[in-house]
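>>> dropping a prediction and its sequence here:
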Amino acid sequence: MKGVKPLTGYLVGKFADVAAGLVNVPALYSGSDLGTLLGGLKPGSAVKDAEDFLAQGNRMLYVVPIEGTKASVTIVDRTPVTPVDKLTLTARVSGTWANGTVDVAGIVATVADDTPTGTFKLTLVWVYTEGASVGTYTEVHRQLTLDPTSARYFEDYINASSKLVTCEDLAPTSVTWPTHAPAADDHELAAGAEPDYDDGIDVMGQVAGRLVCFLDTDQSTSNDALILAVQTRSGTAEDRKAGGSICVLNNPQYTSVAALETAGGNIAADSRVKLMGTWKRTRDSAINATRSVRPGPFYSGVRCAIPYYKSATNKKVNGITGAERALSEADLTALFQAGITELAKPMYDENAGYVVLTDQSTDGSETFVRVIKDFEVAMGLANLGWAVGENQGEADPDPTRVAVTGQFATTYEAMKANGIIERYSVQCDADNNPVADIEAKKLKLHREVKYRNVINQITDELVAGPESVIAREL
């Protein structure tokens, strides 16, 4: 089958240690470049977004670094009468993420005396939002000295070891302890401001070809600018025929299903805009913690790596006789131009797996149950993803609903035979797929699964729609 070349990614975001000449300049990067040229994987940096994109099998990515204002704090010394400025701490990455409030948000630096006498300790705590709760990342820098010739000289040591901040000694000749030591107290970084994403979006015209564009933010104004740029983007007649450029948007973290469906409905008519509904939890190696990660980079990577003729809507459903899709190239082209998003296999983390976020919050104390639920969601994506883009409700019984029910039943029967689950039920028929949902091109499956060694059964509803698969815990 003749296809088209996969699209190229275009990321606009914030990075650490970006040279002035690289700001607002599109440049083609590979995975090996990101760590050195863009400051590496740091909190607040879009390097994580770039890695998620490249992990889907893409080798190169256009990256446009943008620069806002970096949060900072200046700490005075301990001169008794009139303290003078001793040092400044500045966030490595610009933006509001580092604006600090003790135990609430951002970066707070705490200075305290250390041992041996004549040294001090700098503790940096970054507080970040994780749904309805908060997480923290802490750095402790010990036995710092005021002596520029020492291996523990505070400016050099912090700059070499901190992922959060850089440090400048404002009085390098003032080394007498304790008079010139930094004031022992909590110090909040402040005045960080987001960059103007429009600057990075506007230079899109410098890059030729068809692009999948995404940002490291979910700000509505920046999303609007990206949508407008893609809608007005010029291209060759062949580019437009093949689908042209598109943009993949991030929804706000832990968006409710209702809000997500409303937002998706508002943009559904524009084939150049994708709103992704799933945040994934994965290991953030920058801070060694499991965190929720923006979905746009992951799905942009899928979009670029998988040509439309390899779409999940054209693969065989294993184990279901007669359920193989035999779509023509014209049908597939129509799906591609309509913006149907290809689904890919879930990405697993050994601790968290792949999570589709719903109205329900995740309780970290129920790790085992959460992982089981994550597995169920992943299996739901794998077994239902092909139905995205299929026609539902054309016959009764509808062959798509019959195939979906059989697909899950086959999987669960095998799990039951192996003693993994005790019982299950799946429903995907006319009773839970009313006419209104069929007209909206949605397909619903209700399932109940009781695992061994888990007290409660897992009950949820999977909804395959024009854009993606959403899981609701019931």
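Alright, I've got the coordinates. Quick caveat: nothing in here was measured; it's all calculated off a predicted structure. Numbers count the residues shown, from 1 in each chain.

>>> tell me which residue is most central in the protein.
Nearest to the geometric centre of the chain sits Arg294, at 1.8 Å (C-alpha atoms, centre = their mean).

>>> beta partners of the residue nearest to that one when sequence neighbours are not counted?
Using C-beta to C-beta, 6 or more residues apart in numbering and skipping residues adjacent in sequence, the residue nearest Arg294 is Asn250, 4.5 Å away. Heads up, the C-betas are built off the backbone N, CA and C, glycines and all. For Asn250, the beta-bridge partners are Met276 (DSSP bridges).

>>> run the chain-centre distance for stretch 85-98.
Relative to the centre of its chain, stretch 85-98 is centred 24 Å away, using C-alpha atoms, centre = their mean, to the nearest Å.

>>> and the residue nearest to Arg294, what is it in contact with?
Residues in contact with Asn250 (C-beta atoms under 8 Å, 6 or more residues apart in numbering) are 214-215, 217-218, 223, 276, 294-296.

>>> mind running it again at 6 Å?
Shown in contact with Asn250 (C-beta atoms under 6 Å, 6 or more residues apart in numbering): 218, 294, 296.

>>> where does the first one land in three-state SS?
Pointing back at Asp218 there. coil (DSSP: H, G, I helix; E, B strand; the rest coil).

>>> could you pull out the helices for the stretch 351-474 of the chain?
Using DSSP state H, counting those that start in this stretch, the helices assigned to the stretch 351-474 of the chain run over residues 367-384, 399-417, 435-439.

>>> what do you get for the stretch 101-250 of the chain?
Using DSSP H, counting those that start in this stretch, the helices of the stretch 101-250 of the chain run over residues 154-161, 197-202, 220-232, 237-241.

>>> just send the ones you listed back as JSON lines, with mean pLDDT too.
Shown next, in JSON lines, are the helices of the stretch 101-250 of the chain (pLDDT from 0 to 100):
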{"stretch": "helix 154-161", "mean pLDDT": "97"}
{"stretch": "helix 197-202", "mean pLDDT": "94"}
{"stretch": "helix 220-232", "mean pLDDT": "88"}
{"stretch": "helix 237-241", "mean pLDDT": "48"}
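
>>> secondary structure element for Ala290, which one?
To be clear, residue 290 is Thr; Ala isn't right here. Of the helices and strands defined by DSSP states H and E, Thr290 is found in strand 289-293.

>>> give me the helices and strands touching that strand, please.
Contacts defined by 3 or more C-beta pairs under 6 Å, 6 or more residues apart in numbering; DSSP states H and E place strand 289-293 against strand 280-284.

>>> how does it look with 8 Å?
strand 119-130, strand 133-144, strand 280-284 (3 or more C-beta pairs under 8 Å, 6 or more residues apart in numbering; DSSP states H and E).

>>> neighbours of Thr36, just the number please.
Other residues near Thr36 come to 9 when the count uses other C-beta atoms under 10 Å.

>>> nope, Arg452 is what I meant
8.

>>> find me the pLDDT at it, would you?
What the model reports as pLDDT for Arg452 is 80.

>>> circling back: so how far is the strand holding Thr290 off the chain centroid?
Computed by C-alpha atoms, centre = their mean, the separation of strand 289-293 from the middle of its chain amounts to 9 Å.

>>> what angle sits between it and strand 119-130?
Between the axis of strand 289-293 and that of strand 119-130 there is an angle of 40 degrees, by axes from the mean of the first three to the mean of the last three C-alpha atoms, to 10 degrees.

>>> related to what we said a few turns ago, and the contacts of Asn250, which is closest to Asp198?
Using C-beta to C-beta, Asp218 is the member of the contacts of Asn250 that lies nearest Asp198, at 15.9 Å.

>>> from Ile246, how far off is that closest one?
Distance of Asp218 to Ile246, given as C-beta to C-beta, to the nearest Å: 17 Å.

>>> quick one: pLDDT of the most far-flung residue of the chain relative to its centre?
No residue in the chain sits farther from the centre than Val81, which is 49.6 Å out by C-alpha atoms, centre = their mean. For Val81, the pLDDT comes out at 91.

>>> and for the spatially closest residue to Val108 that is not a sequence neighbour, the neighbour number?
Closest residue to Val108 apart from its sequence neighbours, by C-beta to C-beta, 6+ apart: Gly100 at 4.4 Å. Neighbours of Gly100 under the rule other C-beta under 10 Å: 24.
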